[in-house]
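J.: pasting a predicted model and its sequence here:
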Amino acid sequence: MGLTISKEDISKLPLETFDGNIVVIDHGREVAKAVDYLSAQSIIGFDTETRPTFTSGKSNKVALLQLSTEDTCFLFRLNLIGYPDALKDIICNSSVKKIGLSLRDDFAAMRKRTGLTPENFIDLQVFADKFGIDDNSLQRIYAIIFGKKISKTQRLSNWEAPQLSYSQLTYAALDAWACLRIYNHLMNGSQINGTI
């Protein structure tokens, strides 16, 4: 029997917060500098957000792309800047490892913006399974490993809003950063919430 956690147990856990820097990229001219910084990293966290649709058969393009180091998360507002070539360079960069979760969904959504194939990605759903973690949502994996809760209250908010709220920014940054933190923790052979 692998490691798992109930919704009830998660609800009792303290909330996790992202205390690093959040850099919002909402102009094309800001992309190259951010990508230069990210390209110098060996590994980064990855996530996307899309404005939800409540109409059957309708879907929206990815509005936000999050790329995080251990202390800085860049939020690229794709609904405002499109999908610049510099951003494609980091997503398709085979020398920078990108850690995400449920990547098939993210890639399907990204394909609406570009036909390029993302390179050197690791999906935590598959990766965590190797460590005996049966649950495959980010919130559950994080709770099992660190004993803290990731709030999902902003997940269905409007990611194409003219101005993203502080809650949206911190939620988006936390998700990408959490992917990186989980991967690094497991790779370092650290304990899982004191159980291994």
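T.: Okay, I see it.

J.: mind listing the helices in this protein by residue range?
T.: Defined through DSSP state H, the helices belonging to the chain, from first to last, are 7-11, 31-39, 78-81, 85-91, 103-110, 124-129, 138-146, 166-187.

J.: tell me which of the ones you listed sits nearest to Gln154.
T.: The closest of the helices of the chain to Gln154 is helix 166-187. By C-beta to C-beta, the value is 3.9 Å. The C-beta positions use only the backbone N, C-alpha and C, and glycine is treated the same way.

J.: now do the contacts for Asp123.
T.: By C-beta atoms under 8 Å, 6 or more residues apart in numbering, Asp123 lies in contact with 100-104.

J.: hmm, 7 Å instead?
T.: If a contact means C-beta atoms under 7 Å, 6 or more residues apart in numbering, then Asp123 has 100-101, 103 as its contacts.

J.: could the helices of the chain go into TSV alongside distance to Thr69, mean pLDDT and mean neighbour count?
T.: Formatted as TSV, the entries for the helices of the chain read as follows, by distance: least, C-beta to C-beta, whole Å; pLDDT from 0 to 100; neighbours: other C-beta atoms under 10 Å:
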stretch	distance to Thr69	mean pLDDT	mean neighbour count
helix 7-11	27	83	11
helix 31-39	7	95	17
helix 78-81	20	94	18
helix 85-91	12	89	19
helix 103-110	19	77	16
helix 124-129	17	89	19
helix 138-146	18	92	24
helix 166-187	7	95	21
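
J.: could you dump those into a markdown table and include distance to Arg51?
T.: Converted to a markdown table, the helices of the chain look like this (distance: least, C-beta to C-beta, whole Å):
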| stretch | distance to Arg51 |
| --- | --- |
| helix 7-11 | 26 |
| helix 31-39 | 21 |
| helix 78-81 | 8 |
| helix 85-91 | 19 |
| helix 103-110 | 11 |
| helix 124-129 | 24 |
| helix 138-146 | 19 |
| helix 166-187 | 11 |
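
J.: thanks a lot, catch you later.
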